[in-house]
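1. okay, sequence plus prediction incoming.
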2 protein chains.
Amino acid sequence: MKQYSIKDIAKLCNVSTATVSRVINNNGRFSEKTRQKVLDVIEQTGYKIDNNARSLRTNITFTIGILVPDIKNPFFADLVQKIEELLFTKNYSTIICNTDKNEQKEKAYLRMLENKKVDGIIVISGSYQHGFKFQSSLKEIPYICIDREPENFHNTVFISSNHYQGALDATNYLFQKGAKSPVVVVKKVSSSIKSRIDGFKESLKNHSLKFAKSRHELKLQSQSSFAKFLQKNPSTDSLFAVDDGIAMELLKYLKNLGYQVPQQIQVVGFDDVPAANIVTPKLTTIQQNTRKIAQTAVTSMMHAINKQNEKGSQFLIPTKLIIRETTK
Amino acid sequence: MKQYSIKDIAKLCNVSTATVSRVINNNGRFSEKTRQKVLDVIEQTGYKIDNNARSLRTNITFTIGILVPDIKNPFFADLVQKIEELLFTKNYSTIICNTDKNEQKEKAYLRMLENKKVDGIIVISGSYQHGFKFQSSLKEIPYICIDREPENFHNTVFISSNHYQGALDATNYLFQKGAKSPVVVVKKVSSSIKSRIDGFKESLKNHSLKFAKSRHELKLQSQSSFAKFLQKNPSTDSLFAVDDGIAMELLKYLKNLGYQVPQQIQVVGFDDVPAANIVTPKLTTIQQNTRKIAQTAVTSMMHAINKQNEKGSQFLIPTKLIIRETTK
DNA sequence: TTGAAAGCGCTAACAG
DNA sequence: CTGTTAGCGCTTTCAA
């Protein structure tokens, strides 16, 4: 079966291709009669517009690229899935680029996306140290940053959970449940992790504790170094793990070392990954609102594409404390 | 900064666009001198080929669509990520379509992919009851099925883990560790799950046990129905859960009901999801070789695109038993 | 309200 | 070995 082109449709309708195009795009004038006719013929023939040809003319591709560090991370997977879903309802298709946190790969993907003339790029990350920079050599492609600070805020929209507030809530809850001496546990520090640490510090301040790095912050390395820390700081009664991965590692160590959770030591995490609800005891944690983040990102992207400039905007999405079993 | 086109390059080189095209595609003849010249100018100008225009002529888009039921499922995420990575090294970009196990969505995506003139489609799934069917109305787009049986095997390549053998290994291991009366636990049955059940049955047969559905197969619904089953069948000493999700649910129920795992009841799962290594006790399970599956899929896809026909091929990828703590 | 025609950037057949 | 040219399917002036 041959593919119908706009020419065929024009011929079948006894009009010019220009008119068909106008009807399809609902742009320009035409009589109601021709409109009906054209639409009918399109229906009958099953004509499908050729996006390639259209893009060649218009430079609009109806595709968006997403840069994501690791699609296997459940938080990212969730976010990407929701963004993709939203974009699809708006007739955009999505090219997902798994950068593996590798700068070379990221660059290669960026080149590819530029080459594909995507209409926009959404950059997701929470794991980079450096800000995101993207300077297209040619056309200016709009981009949106989620959870990764752009090098220049004025060029883009920045969306992220309110990590600071989330961490503050988490730590406050620890205090509320009787904690006297909480410690924040980290591994690698990125911009969002930094906000979480800041939230933790703020809570300490609010509870008249002076933050001392050696006393209130632990860089997690191994079970033995963790054990050593606890030995040196026996008053430690609660841990705010800066993400659920760390929290679950702590849970494992605590069990091995014979500590009771939450009776002796309370633990709270961040992210609410699926496993948080599976470990024993189930992890109290901070949930990010991926739906809201996705919606904001897509809306901003649509605005950016339509030049309804929001450049320089920042959105902070509220988080939610999920209380489970690792706190009293 | 203006975008260079092949015309500009041609002009700068004092050759025709045809020659530039030939050099770019390394196809046809040209002197070493012109080749150098053209390449130099391309380098200097930063000229990038316009894929859209090229596609319009050649009908080759260098994009592949992937249909996946749920990207949040770690097994699928892993698979998709690996496929995408492999395709990228071959200069293909990937459009990931999350069908949500929704037939309407699947159809909509299929239309979109057809519309985008993708060069091929990879269909992933383990959760559909019906076979996959895709009949493009226009050009024939090759497709590959992973873990989801196509309606017509002759039209495609079918790749899947050897679920049968994996289940056989799992159950045999249970017997090896002293099981006398294993039961297979299922929820929904798909084609791959069916193979797993068959493997279980085969193992029973090999150990001179006659499979009785009421005795050796449990359709998991709730903790109470599970408890009832155990009461009715007190000799049950081992469970083969048809996937890790079910296995972990069982682990939870067993703990609640006061059974010791693995001392009283052994458990083995299937898939080796990340959480399997986090629960207590850690889950013994069957690991699928996603790397191999991805490689096979991409290779087959390349063959299909190049008409090196392998249609009708089936690949069964071996699995691996991962021994952890839920077996003796 | 409609049509003719140019042209987006590229490839490929044909001619030389 | 290289150039000329037609045309992929569409949009968009310009003119009617």
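-> Good, I have the coordinates. A quick note: this is a predicted structure, and the numbers were derived from the prediction, not measured.
2. for whichever residue of the stretch 151-300 of chain A sits closest to DNA strand C, which non-adjacent residue is spatially closest?
-> Closest approach between the stretch 151-300 of chain A and DNA strand C, counting by CB to the nearest atom of the strand: residue A:155, at 24.6 Å. Quick note: C-beta positions are derived from backbone N, CA and C, even for glycine. Nearest residue to residue A:155, sequence neighbours excluded (CB to CB, 6 or more residues apart in numbering or on different chains): residue A:311, at 6.2 Å.
3. contact partners for the one you found?
-> Residues near residue A:311 by CB atoms under 8 Å, 6 or more residues apart in numbering or on different chains: A:154-157, A:304.
4. next up, phi/psi of it, please.
-> phi -50, psi 140 (degrees, to the nearest 10).
5. go on, residue A:298?
-> Dihedral angles phi and psi of residue A:298 (degrees, to the nearest 10) take the values phi -70, psi -40.
6. secondary structure element for the residue lying closest to it once chain neighbours are set aside?
-> Leaving out its chain neighbours, the residue that sits closest to residue A:298 by CB to CB, 6+ apart is residue A:86, at 4.3 Å. According to DSSP states H and E, residue A:86 maps onto helix A:74-89.
7. and the nearest residue to residue A:106 once chain neighbours are set aside, how many neighbours?
-> Nearest in space to residue A:106, with sequence neighbours left out and distances taken as CB to CB, 6+ apart, is residue A:99 at 4.3 Å. The number of residues packed near residue A:99 is 22, by other CB atoms under 10 Å in any protein chain shown.
8. for stretch A:210-225, buried residues please.
-> Applying a neighbour-count criterion of 16 or more other CB atoms under 10 Å in any protein chain shown, one finds A:215-218, A:220 buried in stretch A:210-225.
9. give me the subset of those residues touching DNA strand C.
-> Subset of those in contact with DNA strand C: empty, counting by CB under 7 Å from any atom of the strand.
10. filter those down to just the ones in strands.
-> A:217-218 (DSSP state E).
11. any chance of a markdown table for the buried residues of stretch A:210-225, columns pLDDT and distance to residue A:20?
-> Shown next, in a markdown table, are these (pLDDT from 0 to 100; distance: CB to CB, whole Å):
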| residue | pLDDT | distance to residue A:20 |
| --- | --- | --- |
| A:215 | 95 | 74 |
| A:216 | 97 | 70 |
| A:217 | 97 | 67 |
| A:218 | 97 | 68 |
| A:220 | 96 | 64 |
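12. so does stretch A:12-30 get close to chain B?
-> No - figure legend: stretch A:12-30 not in contact with chain B (CB under 8 Å from any CB of the partner chain); closest approach 13.6 Å.
13. can you pull the contacts of the residue nearest to residue A:298?
-> Listed by CB under 8 Å, 6+ apart, the contact partners of residue A:86 are A:294-295, A:298.
14. before we move on, back to that, distance check, the residue nearest to residue A:106 against DNA strand D.
-> Per CB to the nearest atom of the strand, to the nearest Å, residue A:99 is found 33 Å from DNA strand D.
15. and what of residue A:188?
-> As judged by CB to the nearest atom of the strand, residue A:188 and DNA strand D stand 47 Å apart.
16. again, but for residue A:201
-> From residue A:201 to DNA strand D the distance is 54 Å (CB to the nearest atom of the strand).
17. ok but that residue is inside a strand, no?
-> No - using DSSP: H, G, I helix; E, B strand; the rest coil, the assignment for residue A:201 is helix, not a strand.
18. ok, it - contacts?
-> Per CB under 8 Å, 6+ apart, neighbours of residue A:201: residue A:211.
19. pLDDT score assigned to it?
-> You'll see residue A:201 listed with a pLDDT of 98.
20. one more: residue A:150?
-> For residue A:150, the model assigns a pLDDT of 76.
21. what of residue A:136?
-> Value for residue A:136, per-residue pLDDT: 56.
22. check which residues of the lowest-mean-pLDDT helix or strand in chain A are buried.
-> Here the helix or strand of chain A ranked lowest by mean pLDDT, DSSP states H and E is helix A:103-115, holding a mean of 90. Across helix A:103-115, burial judged by 16+ other CB under 10 Å covers A:105-106, A:109-110, A:112-115.
23. what ranges do the helices span in the stretch 51-200 of chain A?
-> Counting by DSSP state H, counting those that start in this stretch, residue ranges of the helices within the stretch 51-200 of chain A are A:51-58, A:74-89, A:103-115, A:163-176, A:191-206.
24. right, so of those, which gets closest to residue B:58?
-> Nearest to residue B:58 among the helices of the stretch 51-200 of chain A is helix A:51-58; the distance by CB to CB comes to 10.2 Å.
25. pLDDT (mean, whole number) over that closest one?
-> Average pLDDT, helix A:51-58: 93.
26. who in the stretch 151-300 of chain A is up against DNA strand C?
-> Counting by CB under 7 Å from any atom of the strand, no residue of the stretch 151-300 of chain A is near DNA strand C.
27. residue A:235: what secondary structure?
-> Residue A:235 ends up coil, using three-state DSSP.
28. on that earlier part again, nearest to residue B:211, out of the helices of the stretch 51-200 of chain A?
-> Of the helices of the stretch 51-200 of chain A, the one closest to residue B:211 (CB to CB) turns out to be helix A:74-89, at 36.9 Å.
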